[in-house]
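Engineer: Got a predicted structure plus its sequence, pasted below:
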Amino acid sequence: QNIFSLPPQTKQLLLWFSQLIIFFAAGFMAIRLIHHYFQSPVSSRILFWWYFISFLILLLCSYEKSLYQSVARHFIMQAQSLWHVVSYVSTESNIGGDFISFQSKIFAPNPPFPSLLMFPFIPLFGDYLNDVIFTISIAAMNGILLFFVLMKLKELSYVTLTKYEIIWLIILFFIGSVHLTISIIGHVWQTAHVVSVTFLILYILSSLENRNISAGFFLSAAILTRPSMAVCALFFLGLYIVKNNDTRWYKKIFSSEVILFSLVLLVGVVTLLAYNYWRFHNWFDFGYQYLSYKNTREIGLFHTQFLSRNLRIMLLDLPLFKSSFPFIQFHALGMSIFLMSPAFLYLFYFKKRSQLLLIAWLTAIVGIMPSLLYAETGWMQFGFRRLMDILPFLFVILALQLPKLSRIFKILVIISIIINLCGVLWLH
């Protein structure tokens, strides 16, 4: 308690440094446990330095943002409400932001899993918890986890790339894609993307290793972060059908493995619905209907009317060109993923074919559809942030269909890194 009697600058520095150490330690402990569970081929020393460098890169890219809480601290307030066993985050009507009012109380509409991850740190830091550092500590794991996935694909003979070529893909993912700018802000929307990607990667890894319970749990965690992740169950089902040699379709669909996966997933879905009921007295009310998005009250949050606009932003939109320096102005509404990460052009390099590649493509296409049909574009963003919903699958696709990485591809990776580092500067 004595820390709160210190001068404000000293108190802020101590809180920042203590959270830096604690969240780094928690993140490294988590990656060590995952490493041990999946028996991944990385030594403990390399694992430490890899996580340390990843954490440091994101911390440096966040610059002054990591010194303070984000301006959209919904998950902190949600974690505090869970600590006090109440469903609402405030009773003040002028709280602002993407909060919603229901029966004279203020709620964060966001699903609760990131708040549950923050929950153990509430007794330590309470209202001073730094959600930017929290997000960085999780995002720093994602490149390592994706490496585990791609090495597993190589072990299963799905991938012909060398280990060093796989590292090129990891670098593209970590600092050459939208993952970089999403990881350093800490806003509620970006934190949800980072957490969902973490558990989506773990879900893919569990599916490849035939760990049915783990796959169900990790996908449930992703759904409890972003409910649209539910459609990614297609990957597990498709992978199981491909691996199962039984020609009778009902034997594949109603096998004990699929039933076990489905039961675990059902527990996660019911948990989310129960959380809805606790807040809004309706199992299927997620709260987003109370947000004041334009036209959504008439046509709903999801509609085909939004498809063409979101597709245009994701695939075609360019920055604004000016006659004065710096001549280019990035568009906060979003920009083409091929402009932000030119290496993604190799997604259309159809050199190899396999059933697993088809499953990955189908999952990616189905997985992005909720975002393409959604009323809002994801403002404010560098690139198209909702690509995070399928980003791990895009790298699975690249690894599966590229027999090797050409010099042109590596040049495009470097260009992608430069562009996304410019995005970091733009965010500041």
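Structural biologist: Perfect, thanks for sending it.
Engineer: Next SSE downstream of the longest helix along the chain?
Structural biologist: Identified as the longest helix of the chain according to DSSP state H is helix 8-38. As assigned by DSSP states H and E, the chain's next helix or strand after helix 8-38 is helix 44-62.
Engineer: Buried residues in that next one, which are they?
Structural biologist: Leu47, Trp50, Tyr51, Ser54, Phe55, Ile57, Leu58, Leu59, Cys61, Ser62 (16 or more other CB atoms under 10 Å). For glycine as for every other residue, the C-beta is placed from the backbone atoms N, C-alpha and C.
Engineer: And the fifth one, what's its pLDDT?
Structural biologist: This points to Phe55. Listed pLDDT for Phe55 reads 98.
Engineer: ditto for the one 5 residues further on
Structural biologist: In the prediction, the pLDDT value recorded for Leu60 is 96.
Engineer: What ranges in the stretch 101-250 of the chain fall below the confidence cut-off?
Structural biologist: Low-confidence segments of the stretch 101-250 of the chain (pLDDT under 70): 245-250.
Engineer: Report the contact partners of Leu124.
Structural biologist: Ile22 (CB atoms under 8 Å, 6 or more residues apart in numbering).
Engineer: helix, strand or coil for it?
Structural biologist: Under DSSP: H, G, I helix; E, B strand; the rest coil, Leu124 falls in the helix class.
Engineer: ok, back up a step: so what's the model's average confidence on the longest helix of the chain?
Structural biologist: Here the average pLDDT along helix 8-38 is 92.
Engineer: Nearest to Glu165 among the buried residues of helix 44-62?
Structural biologist: Using CB to CB, Trp50 is the member of the buried residues of helix 44-62 that lies nearest Glu165, at 17.2 Å.
Engineer: so can I have CSV of the buried residues of helix 44-62 showing distance to Cys422?
Structural biologist: CSV is the format used below for the buried residues of helix 44-62 (distance: CB to CB, whole Å):
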residue, distance to Cys422
Leu47, 30
Trp50, 25
Tyr51, 26
Ser54, 20
Phe55, 22
Ile57, 16
Leu58, 16
Leu59, 19
Cys61, 12
Ser62, 16
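Engineer: residue ranges for the strands of the stretch 201-350 of the chain, please.
Structural biologist: Using DSSP state E, counting those that start in this stretch, the strands found in the stretch 201-350 of the chain span residues 320-321, 328-329.
Engineer: quick one: which helix or strand includes Gln69?
Structural biologist: Judged by DSSP H and E, Gln69 forms part of no helix or strand.
Engineer: circling back: list the buried residues of the longest helix of the chain.
Structural biologist: Applying 16+ other CB under 10 Å to helix 8-38 flags 15-16, 19-20, 22-24, 26-28, 30-31, 34-35, 38 as buried.
Engineer: what's the answer for stretch 329-338, then?
Structural biologist: Neighbour-count burial for stretch 329-338 [16+ other CB under 10 Å]: Phe330, His331, Gly334, Met335, Ser336, Ile337, Phe338.
Engineer: tell me the contacts of the last one?
Structural biologist: Okay, so that is Phe338. Applying CB under 8 Å, 6+ apart, the residues near Phe338 are Leu315, Phe344, Leu345.
Engineer: out of these, which are buried?
Structural biologist: Here, 16+ other CB under 10 Å leaves Phe344 buried among those.
Engineer: Just put the contacts of Phe338 in TSV and tack on distance to Glu155 and pLDDT.
Structural biologist: What follows is those, written out as TSV (distance: CB to CB, whole Å; pLDDT from 0 to 100):
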residue	distance to Glu155	pLDDT
Leu315	34	92
Phe344	25	97
Leu345	28	96
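Engineer: before we move on, the earlier item: just the strands of the stretch 201-350 of the chain: most buried one?
Structural biologist: Highest mean neighbour count of the strands of the stretch 201-350 of the chain: strand 328-329, a mean of 12 (counted as mean count of other CB atoms under 10 Å).
Engineer: Adjacent strands (with direction) for that strand?
Structural biologist: strand 320-321 (antiparallel) (DSSP bridges).
Engineer: Rounded mean pLDDT for the partner strand, please.
Structural biologist: pLDDT averaged over strand 320-321 gives 79.
Engineer: Show me where the stretch 151-300 of the chain has its helices.
Structural biologist: Secondary structure of the stretch 151-300 of the chain (DSSP state H, counting those that start in this stretch): helices at 163-175, 178-183, 188-208, 212-223, 233-243, 249-253, 256-280, 296-299.
Engineer: Of all those, which one comes closest to Leu427?
Structural biologist: Using CB to CB, the nearest of the helices of the stretch 151-300 of the chain to Leu427 is helix 178-183, at 6.0 Å.
Engineer: Which of the residues in that closest one are classified as buried?
Structural biologist: So helix 178-183, judged by 16+ other CB under 10 Å, has buried residues Val178, His179, Leu180, Thr181, Ile182, Ser183.
Engineer: Noted, bye for now.
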